[in-house]
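Chemist: Structure of the sequence below:
(chains A and B)
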Amino acid sequence: MSELNKLRLAEARDALRAGDVTSVELTDACLDAIEGAGALNAFVHNTPEMARDQATAADARIKAGDVPAMCGLPIGIKDLFCTKGVPSQAGSRILEGFLPEYESTVSQNLLNNGAVMLGKLNMDEFAMGSSNETSVYGNVVNPWKVDARDLTPGGSSGGSASAVAADLCLAATGTDTGGSIRQPAAFTGITGIKPTYGRCSRWGVVAFASSLDQAGPMTKSVRDAAIMLEAMCGHDPKDSTSADLPVPDFEAMLTGDIKGKKIGIPVEYRMDGMPEEIETLWKNGAEMLRDAGAEIVDISLPHTKYALPAYYVIAPAEASSNLARYDGVRYGHRAKLDHGDGITEMYEKTRAEGFGAEVQRRIMIGTYVLSAGFYDAYYNRARKVRTLIKKDFEDVFAKGIDAILTPATPSSAFGLGEASDDPVQMYLNDVFTVTVNMAGLPGIAVPAGMDAQGLPLGLQLIGHPWEEADLLNTAYALEARAGFVAKPDKWW
Amino acid sequence: MSIDERTAARVAKLARIKVEPEALPVLAAEFNTILGFIEQLEEVDVEGVEPMTSVTPQRLKRRDDVVTDGDQQGAVLTNAPDAREGFFAVPKVVE
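Modeler: Sure, this is the predicted structure:
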């Protein structure tokens, strides 16, 4: 078998089980691909020895007939997940040198399921960004290229997206607070699902905005997303918001039969100035689902416009609280102090040196909206708006809508450096995805077409809470009809 | 609401982030851009709406009030920038 790193999870799993390939061979193919892909800057901490040991162990397990879902499959882990004994920096200088003494529940679940970890993946610092330009490791580059420019893979899970699209690993973990799985998946022509809030344990995942953060898989197909999501999720007593619900067999529910399903098209997502290509893609997507037997219904989600501004109150507020822990005392960076500096100077210098500009900005915005006199005007108002946003979805679901179809992003991937001047302009990248986090719903991005330049575009499907199986099945039907198979030409 | 340099300095202080005085005008301008965007929320009628506390309706689980973890002093201190004699070391806090 040639170019084993290009396999999908499902193909590799079947080949492993049939004895056609070993995990060591798969792992070596990925390690070679990673070695040759320094220009993408996707992998930032490589763990080849650990990977080969895990692959050898997986091969032994397969031989012994003990083959869990991810057994022997080499994957990348976003740097936001704490991995025992392996650098876990959340893309930040403030966690330089940090070696966790513990393993995040999600990565532990994957390891228990036999997965092989190739290394840690680049990301926006503390998952704050939509272009992977805020990382201490430097920018990630999108493997898709149409001219001399380097394009962004999106963010914050930009390293994960770039690595999967470039076949450096079979799949990767991502996390999504406002769109950080779905936007980069769309920018790189791969699949990414953010499950219902509470599906994946947040324990051991460096916290950004705890009421919004969710982990999910980034993969080369919907089937792969089903396989990997099932291995990642499940109840965890160590996360009080983790749902104590049974995890269905997501893959078994991929029938592609969506006859009679009602798919909503929200009128508010038709934004002024939206590129015509996005509009066309969206129409085509609706047509594909109709062709599969679904009924397409226009719906209204009246508070859509307010999701992004409410997010930019709630997420920074939670971040300012979560990131208070980086004080130079217990772990990570501590600034060199001048003679006579006290503890306050230590905090202030440590945090000024350790956090990048965007993280500092968000911490301070969060501090401001939570400060005395502004708490009601900003924070409480945003939480009330969040209630209304969630109610919008509940209302349409109550009317029998099974899933909602929207564009995943307002554009295709843009050039690195082209959008980093104005923070608000950058925030608009998440305009279609952020509502889903605000309402705690599952959302999936599926590659569905190309723009005129030859860059991938994605569509988003939004489902009922806890109904990931149904959502994945609708995505599976969309994927089959979109028939997106393009891959970036190797230039790196 | 407009943020001036004095307010920006106060917020930086509250957030325990050292900001040099010459950086304050830019910071204040950025805050104003972001807050201008956030101020759209004032258009929304939130009369009688409850602020969201939990996005998924759930009752937090309870467990017996017993010690379930501990005795990991070494592991806890491993990543400390300055650990001495089993403690985190910091600059003098009290005069």
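Chemist: Could you identify the longest helix within chain B?
Modeler: The single longest helix within chain B, with elements called by DSSP state H, is helix B:24-38.
Chemist: Residue A:42 contacts residue A:162, doesn't it?
Modeler: Yes - in terms of Cβ atoms under 8 Å, residue A:42 counts as a neighbour of residue A:162; the distance is 4.3 Å. Every C-beta, even on glycine, is put in place using the N, C-alpha and C of the backbone.
Chemist: got any residues that touch both of the two?
Modeler: A:122, A:140, A:153, A:168 (Cβ atoms under 8 Å, 6 or more residues apart in numbering or on different chains).
Chemist: how about these in TSV, adding pLDDT and secondary structure?
Modeler: Shown next, in TSV, are these (pLDDT from 0 to 100; DSSP: H, G, I helix; E, B strand; the rest coil):
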residue	pLDDT	secondary structure
A:122	98	coil
A:140	98	coil
A:153	98	coil
A:168	98	coil
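Chemist: now, among those, which is nearest to chain B?
Modeler: residue A:122 (21.5 Å; Cβ to the nearest Cβ).
Chemist: ok, that closest one - contacts?
Modeler: Counting by Cβ under 8 Å, 6+ apart, residue A:122 has contacts A:41-44, A:79, A:91, A:132, A:135, A:137-138, A:140, A:158-159, A:162.
Chemist: Give me the subset of the residues you listed lying in helices.
Modeler: Those of the contacts of residue A:122 lying in helices (DSSP H): A:158-159, A:162.
Chemist: picking that back up, so what's the gap between the longest helix of chain B and the chain middle?
Modeler: 19 Å (Cα atoms, centre = their mean, to the nearest Å).
Chemist: Just the buried positions in it, please.
Modeler: B:24, B:27-28, B:30-31, B:34-35, B:37-38 (16 or more other Cβ atoms under 10 Å in any protein chain shown).
Chemist: Just checking, which helix or strand succeeds that helix along the chain?
Modeler: Once the chain leaves helix B:24-38, the next helix or strand it forms, by DSSP states H and E, is helix B:73-77.
Chemist: Can you tell me the centre-most residue of chain B?
Modeler: Residue closest to the mean C-alpha point of chain B, counted by Cα atoms, centre = their mean, is residue B:15 at 6.9 Å.
Chemist: So for chain A, the centremost residue is which one?
Modeler: residue A:181 (2.2 Å).
Chemist: how close does the nearest residue to residue A:275 once chain neighbours are set aside get to residue A:204?
Modeler: Using Cβ to Cβ, 6 or more residues apart in numbering or on different chains and skipping the chain neighbours, the partner closest in space to residue A:275 is residue A:411 (6.2 Å). Distance of residue A:411 to residue A:204, computed by Cβ to Cβ, to the nearest Å: 34 Å.
Chemist: Near chain B, which residues of the stretch 101-250 of chain A are found?
Modeler: Residues of the stretch 101-250 of chain A lying near chain B by Cβ under 8 Å from any Cβ of the partner chain: A:101, A:196-198, A:211, A:237, A:240-241, A:243-244.
Chemist: Quick check on these: which are buried?
Modeler: Looks like those have A:196-198, A:211, A:241, A:243 buried, using 16+ other Cβ under 10 Å.
Chemist: For residue A:417, see how far away the residue lying farthest from the centre of chain B is.
Modeler: No residue in chain B sits farther from the centre than residue B:64, which is 30.4 Å out by Cα atoms, centre = their mean. Separation of residue B:64 from residue A:417 (Cβ to Cβ): 55 Å.
Chemist: Narrow the contacts of residue A:122 to those in strands?
Modeler: Residues of the contacts of residue A:122 located in strands (DSSP state E): A:43-44.
Chemist: can you list the shared contacts of residue A:42 and residue A:162 in CSV and add distance to residue A:288?
Modeler: Shown next, in CSV, are the shared contacts of residue A:42 and residue A:162 (distance: Cβ to Cβ, whole Å):
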residue, distance to residue A:288
A:122, 33
A:140, 31
A:153, 26
A:168, 30
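Chemist: Looking at those residues, which is nearest residue A:385?
Modeler: residue A:153 (30.8 Å; Cβ to Cβ).
Chemist: How many residues are close by the closest one?
Modeler: Using other Cβ atoms under 10 Å in any protein chain shown, residue A:153 is surrounded by 35 other residues.
Chemist: my guess is it meets residue A:166, correct?
Modeler: No - in this structure residue A:153 lies outside contact range of residue A:166 using Cβ under 8 Å: 9.4 Å.
Chemist: so what sits against both of these two?
Modeler: A:42, A:143.
Chemist: What are the contacting residues of the longest helix of chain B?
Modeler: A:308-309, A:312-313, A:361, A:364-365, A:368-369, A:378, A:382, A:422-424, A:427, B:1-5, B:7-9, B:11-12, B:19.
Chemist: one more time with 6 Å, if that's ok
Modeler: The contact list for helix B:24-38 (Cβ atoms under 6 Å, 6 or more residues apart in numbering or on different chains) reads A:309, A:312-313, A:365, A:424, B:2-3, B:5, B:8-9.
Chemist: Helices - which of those land there?
Modeler: A:309, A:312-313, A:365, A:424, B:5, B:8-9.
Chemist: just for the stretch 101-250 of chain A, where's the confidence low?
Modeler: For the stretch 101-250 of chain A, no stretch is flagged by pLDDT under 70.
Chemist: Since that was my last question, I'll sign off now.
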